[in-house]
Each structure stands twice: as C-alpha cells, then as structure tokens.
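> kindly generate the corresponding structure for this input.
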Amino acid sequence: MSLDKEFFTRDTNMTNEKYFNNVDRKNFKGVVCNSVNGGSFVITDYYDRNCVAIEFLDTKSVKFISMKQIREGYVKDVFAPSVQGIGIFGDKYPAYYKDDDGKRLPYYEYTLWSNMLQRCYNNKFSEKRKSYDGCVTSENFNYYPYFKEWCNKQVGFNCVDDKGKPFSLDKDILVKGNKVYSENNCCFVPSEINVAFTKSNATRGKYPIGVSWNKGRKSFVAQVCLSSHNQTHLGYFKTVEEAFHAYKEAKESCIKELAYKYHHQIDVRAYNALMNYRVEETD
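Sure, this is the predicted structure:
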C-alpha cells in the first residue's frame, strides 16, 4: 500500500486532545499515527475495536492491534532496530517468561543477545571495557530469532561447568583477535577457558605479554594467568626474551590442558583452535 504520509498525518500533539492519536473507527483508513515507542504507522483496515490492521512506514511490517492501543500510542514495531539502536527483536519469540512463583525472567538467549549488543554498541560500556572497542555484530546476529536458533544448535550451549556456571559466548578463540560476533566466529566455552584468554592491555606496559621489570631484583619477571584470575609467578630472568619464552611455554601448555579437559563438551572447532594456539609477543 502506497500512501502520502504528509496528506494523511494528523496533528497528534494538540494539547486539548484526549489521546496521543486522535482517531475513530468512522474516519481511520489511511490515517498515519505516531507511537510512544517510536515509529509511525498507517491504519490500513478495521475489523473490530480489538482488531485493527496497521503497517509501519519504515519497516513495512504489518500488525493487528486494538483501537485503544492506537489512540494511546502504545504500539511498538518489533522489526525496527530498537535494541542498542541495531538489534531487531522480531515477533517470533518472547524475551521473558514467568517462573513457578510468577516472577518475570529473561530467556537465557535473550540475555546473551542483549549483552552482546551492549558490548558492541553501548559507548559507556566500551569506555570501561576497552577490549570491546571496535566490536560489531553480523547482520544475522542483529536479528534475535536467528541468534536464538543459532544458539540452540551449538555444542556447549546450555552446558554448565563443574561450578554450575553456564558456558560463555566467545568470539576470540576460533579467530584470534576477532572483533566480529557472528555464526562463523563464535562458540560456547566454559568460563575457565574464557578467562584464560582475558588480557589486561591497559596495564601491560612496554614489555611483551606476561613480562614485566622488577626494579628491586633488576630482573625481568614472567607471570601467567592460568585457569583463574590469579597470576602464577614463573621466575626471574636476565632478558626479555627468556622471560617471554617462559610465559609462552606455560600459557600454551595451560591452553592445551584446558582443551583436553573439555574436549567432550566443546565444539571441535574450538578444540582444534586451542590445540593450535600460539602466543605471540604482540598478543
């Protein structure tokens, strides 16, 4: 349906009007209305007061709602990029459910999806977590139904580690240094593996990863973060090269041990990437 928006639009901001959109069922067809949640829509047909057909102007998506919703303006285009300005929720799956006590809780896939978009597109978040600066999502991952269905097909999804913690959505293991969340780059791994790849670029200093200078001993120190956030001391060394070699050897060995430990629970792609992982000075 092709309609002239300016011709059909009514003034919905009149102070004397009772409703956000001043429409009635006798004079409605072709009227363009506004939504409190954003996005204009046109009324295309009327069946009864609880079943009115509308079409959103931007996305061309069709929806059936009540006349009351139209008048009050509480109409949402679920096909508009409303989550972090880029995520499209769609109308295929709900975001929340109620538990046995009636408490409203988000589905796990929705939590993963919204957190992923926050890491990529929320400026306040990226300012605090510099490692996510420049991260983006693929076009497919911007659409919640696709992301949800992809998750449920993945090895490791809905698995928990020995502490009961769900496996993490990871974007760095399959493709080293990757900044794009997509179906080709992401996998699910236990937090123990995910933490092993955590880096502290902001506090690294001028030496290679895992290496620092000990002023008191006038030596280079090698430390490695293995399967926890705690640093493991590897020794003191005369040269940067010796210290980095000690770190590299310990880190690669740790990652292989984690691959062996979880090889029955992780994607074969993740297992192969862990077994072939090589530490570089520029990491």
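> make it CA atoms for all contacts and neighbour counts henceforth
Fine.
> any weak-confidence spans in the stretch 151-283 of the chain?
In the prediction, the stretch 151-283 of the chain carries residues with pLDDT under 70 at positions 199-204, 226-229.
> tell me where it has helices.
Secondary structure of the stretch 151-283 of the chain (DSSP state H, counting those that start in this stretch): helices located at 191-196, 240-261, 268-275.
> make a markdown table from those helices and add mean neighbour count to it.
Output for the helices of the stretch 151-283 of the chain, formatted as a markdown table (neighbours: other CA atoms under 10 Å):
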| stretch | mean neighbour count |
| --- | --- |
| helix 191-196 | 19 |
| helix 240-261 | 18 |
| helix 268-275 | 18 |
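> export these to TSV and tack on distance to Asp101?
What follows is those, written out as TSV (distance: least, CA to CA, whole Å):
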stretch	distance to Asp101
helix 191-196	30
helix 240-261	38
helix 268-275	38
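> among the ones you listed, which comes closest to Ser61?
Of all the helices of the stretch 151-283 of the chain, helix 268-275 sits nearest to Ser61, with 38.1 Å by CA to CA.
> which SSE is the residue nearest the centre of the chain in?
The centroid of the chain falls nearest to Met116 when counting by CA atoms, centre = their mean (1.2 Å). For Met116, the host element (DSSP states H and E) is helix 108-121.
> for the next helix or strand after that helix, packing partners?
For helix 108-121, the following helix or strand on the C-terminal side (DSSP H and E) is helix 123-128. Under the contact criterion of 3 or more CA pairs under 8 Å, 6 or more residues apart in numbering; DSSP states H and E, helix 123-128 touches helix 108-121.
> what packs against the helix it packs on?
Applying 3+ CA pairs under 8 Å, 6+ apart, we find helix 108-121 packed against helix 123-128, strand 136-137, helix 144-151.
> and the second one, which strands flank it?
Read it as strand 136-137. The strands beside strand 136-137 in its sheet (DSSP bridges) come out as strand 180-181 (parallel).
> list of residues touching the partner strand?
Defining contact as CA atoms under 8 Å, 6 or more residues apart in numbering, one finds that strand 180-181 is touched by Cys135, Val136, Thr137, Ser138, Phe141, Lys171.
> roughly how far is it from the heart of the chain?
Taking CA atoms, centre = their mean, to the nearest Å, the mean C-alpha location of strand 180-181 is offset from the chain mean by 9 Å.
> go on, stretch 124-141?
Offset of stretch 124-141 from its chain centre (CA atoms, centre = their mean): 8 Å.
> equivalent analysis for stretch 47-66, please.
30 Å.
> mind listing what's buried along that stretch?
With burial defined by 16 or more other CA atoms under 10 Å, the residues of stretch 47-66 counted as buried are Val52, Ala53, Ile54, Glu55, Phe56, Leu57, Val62, Lys63, Ile65, Ser66.
> secondary structure of the fourth one: a helix, I assume?
It refers to Glu55. No. Per DSSP: H, G, I helix; E, B strand; the rest coil, Glu55 lies outside any helix segment and is strand.
> which residues touch it?
If a contact means CA under 8 Å, 6+ apart, then Glu55 has Phe41, Val42, Ile43, Thr44, Ser61, Val62, Lys63 as its contacts.
> any idea how far it is from Val83?
The gap separating Glu55 from Val83 is 21 Å, by CA to CA, to the nearest Å.
> with the last one instead?
When CA to CA is applied, the distance between Ser66 and Val83 equals 25 Å.
> try the first one
From Val52 across to Val83, the span is 26 Å (CA to CA).
> ditto for the fifth one
Counting by CA to CA, the separation of Phe56 from Val83 is 18 Å.
> contact partners for the closest residue to Asn178 other than its chain neighbours?
With sequence-adjacent residues excluded and distances taken as CA to CA, 6 or more residues apart in numbering, Asn178 is closest to Asp172, at 5.4 Å. The contact partners of Asp172, taken as CA under 8 Å, 6+ apart, are Asn178, Lys179, Asn185, Cys186.
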